[in-house]
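Colleague: I need the structure of the sequence given here:
(one chain, ligands or ions: 1)
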Amino acid sequence: MTPARDPVSPPVALAIAGSDAGGGAGVQADLKAMTAHGAFGTSVVTATTAQNTRGVRDVHAVPPAHVASQCDAVFDDFDVGAVKTGMLATAETVETVTGLVATVEAPVVVDPVMVAASGDRLLSQEAEAAYDGLIGAATLVTPNADEAEVLVGEPVETPADAERAGRDLVGAGADAALVKGGHVGDGERVTDTLVVGSKEGDDADSIALRFENPRVETEATHGSGCALSSAIAARLARGEQLREAVAAAVDGMGAAIRRGYDVGEGPGAVNPTAFDGGA
Ligand SMILES: Cc1ncc(COP(=O)(O)O)c(N)n1
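Modeller: So this is what the prediction gives:
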């Protein structure tokens, strides 16, 4: 006899991001991370990239109207529990996505993707200023040090700088900011800094938390930002509180990097499905 159908109803997360033909980053990493962290991943593609582990050869931005209609298709049908944004490619798409996420109740994790690990640009330079609006709509913004520098206009070279940048991003309207420390220094430990704004919006009352982990010696970090922000979004979709979701996702990145994929001729990619701790 055929076994009875036994469907499950997982929480739903949405990635609004670019496609990486090489599979290491972008929506491909997002969907793996969302699955691994217990959510059903939906995906709105903002751009396709002709990319592999060695670099980005070509970018084709999806017209913003089609980004909007993909979002409508998802929101019309699913109860989306959290959204993450990744590569948005152009100022028009940043603005379109800002308008869309401003109308949703679900938490929004903004990974302000600007430059790939390979050094290739993934966001036009004019689009950097357009991020101001999206940061104002973010539940959490997750820049690395270089992206934080662009967003706040100050150097981010130490954990103290990261904390200041996080407070600035909260002052600019994000509910919280996670400034990632992988690009800060080359010490034996990596410090990620989470600044959570006060509900009353008084900057002085924001809280800073530091997550310290041993640095994993590798160049294979391609996809790490995508996997981290998607893991956080999946956990928020499951109903976890922000700090809990960030702590678990940051913790999981150690395994994702240590047990990365040695694929392609370039430095390889993280493994978003490898993390210590059950979903
Ligand atoms: C489509 C897409 N989205 C995001 C990234 C950033 O990932 P990384 O900085 O790890 O290369 C990427 N390379 N490609």
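
Colleague: would you list every one of the helices in the protein?
Modeller: For the chain, the helices defined by DSSP state H cover 26-36, 64-77, 91-101, 131-136, 145-152, 159-171, 224-237, 242-258.

Colleague: Give me the contacts around the first one.
Modeller: Put plainly, it is helix 26-36. Under the contact criterion C-beta atoms under 8 Å, 6 or more residues apart in numbering, helix 26-36 has outside partners 13, 15, 17-20, 23, 40-41, 43, 45, 49, 51, 84, 86-87, 223, 226-231, 233-234, 252, 269-270, 272-275, 279. Yep, even glycine has a C-beta here, placed from its N, CA and C like the rest.

Colleague: Contact residues of the stretch 101-250 of the chain facing the ligand?
Modeller: Within the stretch 101-250 of the chain, the residues that sit near the ligand (C-beta under 6 Å from any ligand atom) are V113, A116, A117, L122, H222, G223, S224, G225, C226.

Colleague: Tell me which two of those sit farthest apart.
Modeller: Pairwise distances across those (C-beta to C-beta) peak at 14.4 Å, for the pair L122 and S224.

Colleague: Is it possible to get TSV of the helices of the chain that adds mean pLDDT, mean neighbour count and distance to G55?
Modeller: Listed next are the helices of the chain as TSV, based on pLDDT from 0 to 100; neighbours: other C-beta atoms under 10 Å; distance: least, C-beta to C-beta, whole Å:
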stretch	mean pLDDT	mean neighbour count	distance to G55
helix 26-36	98	26	14
helix 64-77	98	15	24
helix 91-101	97	21	22
helix 131-136	96	18	24
helix 145-152	95	21	17
helix 159-171	96	21	27
helix 224-237	98	30	16
helix 242-258	95	21	20
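
Colleague: Could you dump these into TSV and include distance to P214?
Modeller: Shown next, in TSV, are the helices of the chain (distance: least, C-beta to C-beta, whole Å):
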stretch	distance to P214
helix 26-36	21
helix 64-77	38
helix 91-101	35
helix 131-136	31
helix 145-152	18
helix 159-171	15
helix 224-237	15
helix 242-258	8
